[in-house]
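Colleague: Model the structure of this input:
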Amino acid sequence: MPTARDKLRELRALHEDGLLSQQEFDSRKNAILDAAYAPPGPPHAHGGGPRQGTEIGLMVGQEIGPQNRRYRLERLIAQGGMGQVWQAIDLATHEELGHSACVAVKILPPQLTMSATHAKLLLEEATQARRLAHEHIVRVYEWAQDPATASYFLIMECLEGEDLDSLLAREGSMALGRALDILDPVASALAYAWDKHHLVHRDIKPGTVFVTRSADHQPGDIKLLDFGIAARARSSASSIGLEAPADSGTAGYRAPEAGVHQRKPAPVQDVYAVAVMLYQMLEGRLPFEGGREPSASVTPARPPGLNDAQWRVLQSGFAIDPAARPPSVAAMLAQLRGGAADQPPSAEAAKASGEERAERVHASGEERAAKALEVAAALQREQVRQQQAQQRKLELAAAQQQANRERREKDKAERILAEAARSERKEALRRQLLERRALDAEAARLAKEEAQRKALQAKAAAAYREQQQRARAEVAARVQAELAALLPTSSSPVADSEGVLRDRFLDGSAVAPDLVLIPTGRFQMGSPEHERKKAMEAGSQQSWVGRETPQHWVGIEKPIAMGRFPITVAQWREYVAATGWQAPAEFNWAEPGYRQGEDHPVVGVSWNDAVAYAAWLSSMTGQRYRLPSEAEWEYACRAGTRSAFSFGDSISTDLANYDGTGSYNDSPKGVYRKGTTPVTEFAPNQWGLYDMHGNVWEWVRDVVHDNYEGAPNTGRAWEEGGDPGRRILRGGSWLYNPRYLRSALRNGFSATRSNGIIGFRVARELL
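Modeller: Got it, this is the predicted structure:
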């Protein structure tokens, strides 16, 4: 968990980068200090406490949030004790947040956050909810505070549909099978939260179960809302006298033991709430109106559609004794489905069946007497019909003749219509055949053009690969010649024909990451004026591009070897197994929130972790490994080029992994992959280095400086002055727009922090 000092350092960095105004910086700084160092006791006891937020006056089109993270309110979705929920448009850039533009904004009531302590607890709960990545749990992206009103709000996944509360208000009740289908996803979400994060929801009710609606207005997935947040808010509210004291939950659904002796929440509390909610779904009302005392022994009526076994299971779900309940919601639902098999009839059912048979015997005698009377009346009616039959015979014969004539005329008309229909179908088939032939011809033409295009692409790709191989071979030969002139032949490192060097561990157990030989040379570091202008046209701020100035000549005086790829998940896993390294609590490198294979670049590694990895690699190989300097990184990235990227002044998502919804210098828009890709997914640069643009930001040795004023021109790392708590990042990532992938762009981040978009590659000294 980051300390107040870490938060203040990050806040100061945002202000210095021009992303926060002085007013917003002061407001956030004071909030951090209040939350960390507020004296104990109620806020009014210490000078009036922080300024309260307000929801009064919110309207469609209004913008809320800090200066660099604004949200425009589009429509009010819901309103209740937990505040207002609006559908909103996220006006911030994707690289600054990382979720879709359309979001749901839950604005918390002022009375829940008027205390700095209560606000801190509530936002800690929201931060914990962000870690829950499950298909049936609504995603919580972030929390923020509106500087104009000091109101806190949560930014969440935007859903279309209705909650179970609204569905039951409209339908009243439902069958058991449908109710179990709705609750199965809830059970899956609760099991995930307990197994992965040891979390209990604590406030399950129809209002926190959401039934989404697809584009064609059909019922979709089930989503569980307010995971822990509503319970924390209700607990905070009770502590200031807004509700009856309770640890968690809503009256009527809250387990009797909740809040008793401050017990630690357990999954059986959620079992109780789901059992009560299932009863309501079947019966149309709660089993215990107005809550339930631990000593109560009232037994509600059995809902329709449940047999004896199923009714026993449901009763055990809302048992007063927690030990008598099923261990989990999933177990309870499984028992309910298993109890649907045939059961022996109860004594009450057998008695009812006997009474029903007696009633049927009595009714049978009455029916026989009535049938005898009906037979006598039928005989009389038959005699009358026989007398009238002769009279109607002639009439029937005449009617039959008329019917025959009408049928013949009708058959003739139908034959004429059928012939016309056959002719029309024949003409329609002829037109369809002609259209099909035209479509086939067009498809064949397009297929031929596509084949020709792919052949040209393959030829161009082969020529490009051949050119790259020649360039890498020339660089390798040049570096080998430089090393041979400076070192004894026996000491010179040996690389393959493309300049790839592989060091073996001293104990022979493994091989170090692939290295590419980088020659000496001179280059212009930073960006020219025309490139900075293009970056600002694409959305960069002046403070960002100002870091790339002044453009200056740098000489790389010693050849080095640089990692061919960023360090991969498999290579980091090897380091973790060898050293016992533990991930920080703030981010789990093994579960970053998106799919990662062994050949993807590792993320969630701080600058300090990267330095420790290089030291471990040095001890295992006997060679000198380290992070590259910023000058070495840009020199290797450019590979002899002077354009914005190593492959030219434009970019596409066929060349690198980045947020393709943005564009740079009229480049085409492309895909947004929303995560890392394998390190060999895209072609390397001229010197054989992969992923120098995009995929993950990469740590270098240098500390953060505002610009290049006073920077060394020898290629060494600039570690004097600046902000020693922050280190330089290079290359851009999968989350950022293409303007951040330029060879000259510089970024910075706290050396102690990690997240899902930062990795690193190593360098090795040859002299």
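
Colleague: what sits up against stretch 743-750?
Modeller: 6, 9-10, 13, 525-527, 531, 535, 544, 547-548, 606-607, 630, 634, 637-638, 641, 643-646, 692-693, 697, 704, 723, 725-730, 732, 739-740, 758 (CB atoms under 8 Å, 6 or more residues apart in numbering). The C-beta positions use only the backbone N, C-alpha and C, and glycine is treated the same way.

Colleague: show me the contacts for the residue nearest to Tyr664 when sequence neighbours are not counted.
Modeller: Spatial nearest neighbour of Tyr664, excluding adjacent residues (CB to CB, 6 or more residues apart in numbering): Pro738 at 4.1 Å. Neighbour list for Pro738: Ala538, Ile651, Ala656, Tyr658, Asp659, Gly660, Gly662, Ser663, Tyr664, Ser667, Gly732 [criterion: CB under 8 Å, 6+ apart].

Colleague: one more time with 10 Å
Modeller: Counting by CB atoms under 10 Å, 6 or more residues apart in numbering, Pro738 touches 535, 538, 644-645, 650-653, 655-656, 658-660, 662-665, 667, 669-670, 693-694, 732.

Colleague: From those residues, keep the buried residues only.
Modeller: Buried members of the contacts of Pro738, scored by 16 or more other CB atoms under 10 Å, are 535, 538, 644-645, 650-653, 655-656, 658-660, 662-665, 667, 670, 693-694, 732.

Colleague: Give me the subset of these that lies in helices.
Modeller: Ala535 (DSSP state H).

Colleague: Narrow the buried ones among the contacts of Pro738 to those in strands?
Modeller: In strands, defined here by DSSP state E, there are no members of the buried ones among the contacts of Pro738.

Colleague: Which residue ranges of the stretch 151-300 of the chain form strands?
Modeller: 152-157, 161-163, 209-213, 219-224 (DSSP state E, counting those that start in this stretch).

Colleague: For the ones you listed, state which one has the densest average packing.
Modeller: strand 152-157 (a mean of 23; mean count of other CB atoms under 10 Å).

Colleague: Work out the gap between it and the centre of the chain.
Modeller: 14 Å (CA atoms, centre = their mean, to the nearest Å).

Colleague: Equivalent analysis for stretch 659-672, please.
Modeller: The answer for stretch 659-672 is 22 Å, by CA atoms, centre = their mean.

Colleague: ditto for stretch 449-463
Modeller: Worked out by CA atoms, centre = their mean, stretch 449-463 lies 37 Å from the chain centre.

Colleague: outside of that stretch, which residues touch it?
Modeller: Contacts for stretch 449-463 (CB under 10 Å, 6+ apart): Ala683.

Colleague: what comes up buried for that stretch?
Modeller: For stretch 449-463, it's none, nothing buried (16+ other CB under 10 Å).

Colleague: C-alpha coordinates for that stretch, CSV please?
Modeller: The C-alpha coordinates for stretch 449-463 follow below in CSV (Å, rounded to 0.1, in the frame of the first residue of the first chain):
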residue,chain,number,x,y,z
GLU,A,449,-6.6,-8.9,-56.5
GLU,A,450,-6.2,-10.0,-52.8
ALA,A,451,-3.9,-12.8,-53.8
GLN,A,452,-1.8,-10.4,-55.9
ARG,A,453,-1.7,-7.9,-53.0
LYS,A,454,-0.6,-10.7,-50.6
ALA,A,455,2.1,-11.8,-53.0
LEU,A,456,3.4,-8.3,-53.3
GLN,A,457,3.3,-7.9,-49.5
ALA,A,458,5.2,-11.2,-49.0
LYS,A,459,7.8,-10.2,-51.6
ALA,A,460,8.3,-6.8,-49.9
ALA,A,461,8.4,-8.5,-46.4
ALA,A,462,11.0,-11.0,-47.7
ALA,A,463,13.1,-8.2,-49.1
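
Colleague: quick one: the helices in the stretch 551-700 of the chain?
Modeller: Assigned by DSSP state H, counting those that start in this stretch, the stretch 551-700 of the chain shows helices spanning 569-579, 607-621, 630-638.

Colleague: same deal with the stretch 51-200 of the chain?
Modeller: Under DSSP H, counting those that start in this stretch, the stretch 51-200 of the chain gives helices at 110-113, 116-129, 164-171, 176-197.

Colleague: mind checking which of those is nearest Tyr594?
Modeller: Tyr594 sits nearest to helix 176-197 of all the helices of the stretch 51-200 of the chain, at 15.8 Å, using CB to CB.

Colleague: so the closest one versus strand 209-213, what angle?
Modeller: Relative orientation of helix 176-197 versus strand 209-213 (axes from the mean of the first three to the mean of the last three CA atoms, to 10 degrees): 110 degrees.

Colleague: Report the buried residues of helix 176-197.
Modeller: 176, 179-180, 182-194.

Colleague: List phi and psi for the spatially closest residue to Gly526 that is not a sequence neighbour.
Modeller: Distances taken as CB to CB, 6+ apart place Gln551 nearest to Gly526, at 3.8 Å, with adjacent residues excluded. Note on Gln551: backbone dihedrals following degrees, to the nearest 10 are phi -70, psi 130.
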